[in-house]
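Trainee: Next one to model:
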Amino acid sequence: MSGEYRQRLLSIVDALAQPENAQRRAAVKAILEKFGVPYTVQQGEAVPERGQFVLFSRAPEEEKAVPVENIVVSFQPGQTPRRVLGAHYDTHEGSTGANDNASGAGVLLALAGELAQRGDAPAVDIVFFDGEETGRAGSKYYLSQLAEGAASAMVNLDVCGYGDTLCVRARKRVDALGPFLDKKRLAAHAGQAVCYLPESDDVTFTKGHVPALSVAMMPRWDTAIIASMRDYTGVFSALGLPPELRDQLARMEVMSTLHGGSRDKVSFLSQTALETVYDYLLDALYAPVKRRSLLQKLFP
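Mentor: Residues are numbered from 1 along each chain as shown. Okay, the predicted model is just below:
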């Protein structure tokens, strides 16, 4: 595999892992310019997403739009439909956001450099979203500007720098996501399909009727907790998870890398974990998209 950008993954993440979002935004642009990758800046306003539904809540406060600034890299921009690869670059207040989500944005920066260098990239938008931590306003604005039918699927990266197991979750299987869900490909990249991953910008696309896939890394023992949630993910999708499962989630090791946790530092992240996600994406992007038969759609 080409190694020029792959080898830089951890140093890219280190450059992004800054406490102020303006600094992170500037770092994304600077790295793309250093790699010689053209990009566009998408500025606008969107209303942040509300929290989960709560019974007997008070009357909602007036919705107010907030400014956002997404950064978009397009390969074969005239071709549709196209896949969208996204990662938010903003961070939670008070955190350097190393794993959440300089890791995901860093993987996409390296991937953008690789695709630009190859010159034969498939039709794809790589998007660095603003505002995920405060209600996904960036991805909402991006989707509002996208022509209907322009996106065949979305792949979202969030929390990709810690652990030994690649985890993916798709709420709906479609042909465009087939290479990312192929069981042999997942196994080759230490991956598995899981029943739950925390909500991120993928939810914006799902609500907008664009099939979405979530990608994350975590220690293998954390995936056992995820597996225990299988019976709850449908029943509690509107009301949220029951308290006992929330407690289990809070005890997952990967949670210590988020939002000011004890491992919320670049020094705790792994070049190997970042490479796992990078290699998986590159492999899946260049794999042919196969149309499934009716039987395969009925019994995936």
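Trainee: ok but Gly78 is inside a helix, no?
Mentor: No. Counting by DSSP: H, G, I helix; E, B strand; the rest coil, Gly78 is not found in a helix; it is coil.
Trainee: List phi and psi for it.
Mentor: phi -80, psi -10 (degrees, to the nearest 10).
Trainee: Tell me how far it lies from Ile71.
Mentor: 20 Å (C-beta to C-beta, to the nearest Å). No exception for glycine: its C-beta is placed from N, CA and C like everyone else's.
Trainee: higher neighbour count, these two?
Mentor: Using other C-beta atoms under 10 Å as the criterion, Gly78 and Ile71 rank with Ile71 on top: 21 against 7.
Trainee: Name the SS class of that one, please.
Mentor: Recorded secondary structure, Ile71: strand (three-state DSSP).
Trainee: Without its sequence neighbours, what residue ends up closest to it?
Mentor: Phe128 (4.2 Å; C-beta to C-beta, 6 or more residues apart in numbering).
Trainee: Do a quick rundown of the helices in the stretch 1-150 of the chain.
Mentor: 9-16, 21-35, 103-118, 137-144 (DSSP state H, counting those that start in this stretch).
Trainee: about what we covered before: beta partners for the residue nearest to Ile71?
Mentor: When assigned by DSSP bridges, Phe128 has beta-bridge partners Ile71, Ala87.
Trainee: Make sure it is actually in contact with Asn70.
Mentor: Yes. Here Phe128 reaches Asn70: they are 6.5 Å apart, a contact under C-beta atoms under 8 Å.
Trainee: So which of those two has more stuff around it?
Mentor: Legend: neighbour count by other C-beta under 10 Å for Phe128 and Asn70, higher for Phe128 (29 against 25).
Trainee: quick one, what contacts the more buried one?
Mentor: Phe128 is in contact with Val28, Asn70, Ile71, Val72, Gly86, Ala87, His88, Tyr89, Ala105, Leu108, counting by C-beta atoms under 8 Å, 6 or more residues apart in numbering.
Trainee: For Glu45, see how far away the fourth one is.
Mentor: Put plainly, it is Val72. 17 Å.
Trainee: just for the stretch 1-150 of the chain, where's the confidence low?
Mentor: Along the stretch 1-150 of the chain, segments meeting pLDDT under 70 span 1-2, 51-62.
Trainee: Apply 90 and report the result again.
Mentor: For the stretch 1-150 of the chain, applying pLDDT under 90 flags the ranges 1-3, 49-63, 78, 94.
Trainee: go on, the stretch 201-300 of the chain?
Mentor: Filtered on pLDDT under 90, the stretch 201-300 of the chain yields the residue ranges 224-251, 289-300.
Trainee: Roughly how far does Asp90 sit from Asn101?
Mentor: 8 Å.
Trainee: Tell me which of those two has more neighbours.
Mentor: Asn101 (34 against 25).
Trainee: Might one say that Ala284 is in contact with Ala176?
Mentor: No. Using C-beta under 8 Å, Ala284 is not in contact with Ala176, being 10.6 Å away.
Trainee: The two: which is more packed in?
Mentor: Using other C-beta under 10 Å as the criterion, Ala284 and Ala176 rank with Ala284 on top: 23 against 19.
Trainee: Give me the three-state assignment for the more buried one.
Mentor: Going by three-state DSSP: Ala284 is helix.
Trainee: contacting residues for it?
Mentor: Residues near Ala284 by C-beta under 8 Å, 6+ apart: Pro179, Phe180, Asp182, Arg185.
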